[in-house]
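In: Show me how the following folds:
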Amino acid sequence: MNEPLLLLLGIIAAIGAAVARWNSARSKKAKRRDDERLTQSLAEPADDPRDDDATSGMVRWWHYTLARTLAEILASGAIKRSTLGVSGGERTAVWFSCRTDWEPTATRGLLDSRTGQRRTATIEEMVAGGGELVRLEVPATVARYTWADHRRLGQIDPRMADTLERALGGEPAKWRLSYDDVPLSQIVNIEASMDGHSWRSVGTGSEFAVLMKRAAKPGVQ
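Out: Have a look, this model is predicted:
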């Protein structure tokens, strides 16, 4: 191979290496910019700035469920990400709400013995079939993703997202998510209720034992 050709190949190789370094630097810069944008969005108030509960400094984030499911959470060692209603490539998540009363999207369904049709359970039916209503509190650092984040990052079908926003009187501005299972060590408080309005803290004593005893009833899913 003659010397001019070797020189040309060397120049081409040098140019290629320089372009690769430039693309790599640009990619890293773009990733940092995207990370900064996400961090900024997570630091902002949830969706609707008019929502007093979601934007106040006293906001508390709860995972709403039933006593029967609480027993399963305690046995597994974590609040597991929900796969219910998840389709396609949507990311599974643990869901939270800052509502002070029962979160309506956590309401279960049941098979109506009279009509044979599946319908939404009442509060009384949920308590009868799955034990008391329960909510588990976590820090805001755990419930870090807003509903707007999930619509952007969670690969959820837009039509499904629109349906969820209208479901059962839910308020998307009061929703948060975690894309990781939440270990028991990150739960800071557990409360129970018979009606979804009046809540009381439950610990590991006799009151907690009664709560667990009431949970072992089939019927609500």
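In: Quick check: end-to-end length of stretch 89-101?
Out: Start to finish, the residues bounding stretch 89-101 are 32 Å apart (Cα to Cα, to the nearest Å).
In: oh, I was asking about stretch 77-95
Out: 17 Å.
In: Give me the buried stretch members for that stretch, please.
Out: Using 16 or more other Cβ atoms under 10 Å as the test for burial, stretch 77-95 gives Ala78, Ile79, Arg81, Val86, Glu90, Ala93, Val94, Trp95. Using the backbone N, CA and C atoms, a C-beta is placed for each residue, glycine as well.
In: now do stretch 144-156
Out: Arg144, Tyr145, Thr146, Trp147, Ala148, Asp149, His150, Arg151, Gly154, Ile156.
In: Please tell me the pLDDT value assigned to the second one.
Out: It stands for Tyr145. On the pLDDT scale, Tyr145 is placed at 97.
In: Okay, and which of the buried residues of stretch 144-156 map to helices?
Out: The helices, defined by DSSP state H, take in Trp147, Ala148, Asp149, His150, Arg151 from the buried residues of stretch 144-156.
In: Quick check: the first one vs Leu164, distance?
Out: It stands for Trp147. 9 Å (Cβ to Cβ, to the nearest Å).
In: joint contacts of these two?
Out: Contact criterion Cβ atoms under 8 Å, 6 or more residues apart in numbering; residues bridging Trp147 and Leu164 by contacting each: Pro172.
In: Would you map the strands across the chain?
Out: Secondary structure of the chain (DSSP state E): strands located at 61-66, 78-79, 94-97, 109-111, 118-120, 133-138, 145-146, 175-178, 182-183, 189-193, 200-201.
In: Show me what the fifth one packs onto, helices and strands only.
Out: What it means is strand 118-120. strand 109-111 (3 or more Cβ pairs under 8 Å, 6 or more residues apart in numbering; DSSP states H and E).
In: List the pairing partners of the strand it packs on within its sheet, with orientation.
Out: strand 118-120 (antiparallel) (DSSP bridges).
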